[in-house]
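A.B. asks: Prediction below, plus the sequence it came from.
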Amino acid sequence: MYTPADRSALRDALVARARADARITGAALTGSAAVGAEDEWSDIDLSFGLAADADQSDTVADWTSTMYAEHGAIHHTDVWSGRTIYRVFLLDSTLQVDIAFAPSGAFGALGPTFHLLFGEAVEQPAGSSPKPVDLIGMGWLYALHARSSIARGKAWQAEYMISGVRDHVLMLMCLRHGVPHSQGRGLHLLPAATTSAVEPTLVRSLDTAELQRAFRASVDVLLAEIAEVDPELAVRLTRTLRELTA
């Protein structure tokens, strides 16, 4: 297990290496460190801006070799956002290190958690939140498959689908209350009265009766949240969605 001091030392070393790398023209803290909100469980989040003539693939490959050879990386995975690659490393200490490699013109703040360390950031288009109507559509789609999974005796798939309904309800709640919706990051900021209504949707066992109970509860909160967004749509959907749990 790493300590906050270990994390800080590694982050400082990575930033120093970035300053010495001619292919990197800018660096920024992202994530919780950018806003002074780190705790003992926080990971390292860095964003690097690449020079116009830098080869993104070669730069990422070189840094990856360094992470394995010098910093205890045991695996990594990639997430893409536009032209920027986020290489996410797992270290043997259990520390997560996320490094974004942004091509020239793509280095800049995508949200409030961006603190420039050196170089110049370029203003980026504002990110967009999902549309509530799209989340509603995914909610009833998961509900359809929850019903068929229960009927077919596919208990694990049913649990997955019921959880999918709940996840989309929670995202709708986050949008309504103006808190971060992605990856559950704002759920702790929702009012207790709001989240308590969702607790009955948790599946406590894979027994058919329990799956049916949790499914009914998930449809209840889905309809309630749809009514907050579009009361007319909630009226149109109520009979059909209630039929799913009958």
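C.D. replies: Structure received.
A.B. asks: Can you tell me what sits against stretch 127-138?
C.D. replies: 110-111, 164, 168, 171-172, 175-176, 181, 222, 226, 229-230, 233 (Cβ atoms under 8 Å, 6 or more residues apart in numbering). The way it works is simple: take the backbone N, C-alpha and C, and place the C-beta from them, glycine included.
A.B. asks: and if you look at stretch 47-67?
C.D. replies: Against stretch 47-67 from outside (Cβ under 8 Å, 6+ apart): 17-18, 21-30, 73, 76, 85, 87, 89, 91, 97, 99-104, 106-108, 114, 119-122.
A.B. asks: Apply 6 Å and report the result again.
C.D. replies: Stretch 47-67 is contacted from outside by 18, 23-28, 30, 73, 87, 89, 100-104, 107, 119, using Cβ atoms under 6 Å, 6 or more residues apart in numbering.
A.B. asks: Inside strands: which ones of the residues you listed?
C.D. replies: In this view, the contacts of stretch 47-67 that belong to strands under DSSP state E are 24, 25, 26, 27, 28, 30, 73, 87, 89, 100, 101, 102.
A.B. asks: Show the residue spans covered by the strands in the chain.
C.D. replies: In the chain, the strands defined using DSSP E lie at 24-30, 44-50, 73-81, 84-91, 96-102, 114-118.
A.B. asks: Pick the most deeply packed of the ones you listed.
C.D. replies: Neighbour counts (mean count of other Cβ atoms under 10 Å) averaged over each of the strands of the chain peak at strand 44-50, with a mean of 25.
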